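J.: everything below, folded, please.
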Amino acid sequence: MTTLFCDGSSKARGAMLARKGESKLRPIGYFSRMLSRSKRLLSIAEIELSVVEGLLHWHLLLRYSEVLIFWDNRAAQFILTCRQAA
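T.: Next up is the predicted model:
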């Protein structure tokens, strides 16, 4: 199982890709990007697109894999909840 951990802030986005080894997760890659001055003015929902950037960054490794994603964004959770309710 491949796991993607993502986080975003007002200054940067980052992600870590890990795979389960014998008994625990082992990191296999890190990704980070500083946001430009204009990107820092985005809404928090847009800033938290670290999930999308992480998936795009490792798309060749993840193409045929089952991926478990962890991120801590309340705005994205709200958007997903609204979409399911509609």
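
J.: quick check: bridge partners of residue 4?
T.: Legend: beta-bridge partners of residue 4 under DSSP bridges are residue 17, residue 69.

J.: quick check: it vs residue 35, distance?
T.: 20 Å (C-beta to C-beta, to the nearest Å). Heads up, the C-betas are built off the backbone N, CA and C, glycines and all.

J.: same question, residue 69
T.: 21 Å.

J.: check residue 72 too.
T.: Residue 72 is 17 Å from residue 35, by C-beta to C-beta.

J.: more neighbours: those two, which one.
T.: It is residue 35, of residue 72 and residue 35, that has more neighbours when counted by other C-beta atoms under 10 Å, with 16 against 11.

J.: can you give me the strands in this structure?
T.: 2-8, 12-20, 25-34, 67-71 (DSSP state E).

J.: my read: residue 35 touches residue 46, true?
T.: No. Contact criterion C-beta atoms under 8 Å: residue 35 and residue 46 do not qualify, at 10.2 Å.

J.: neighbours around residue 15, how many?
T.: The burial count for residue 15: 25, using other C-beta under 10 Å.

J.: what does the one 4 residues further on give?
T.: By the criterion of other C-beta under 10 Å, residue 19 has 14 neighbours.

J.: pretty sure it sits against residue 3.
T.: Yes. Look at residue 19 against residue 3 with C-beta under 8 Å: they come within range, at 7.3 Å.

J.: list residues touching both of those two?
T.: Taking C-beta atoms under 8 Å, 6 or more residues apart in numbering as the contact rule, residue 19 and residue 3 both touch residue 25.

J.: just the pLDDT for the residue most central in space within the chain.
T.: For the chain, residue 51 is the residue whose C-alpha lies nearest the centre (C-alpha atoms, centre = their mean; 2.4 Å). As predicted, residue 51 sits at a pLDDT of 79.
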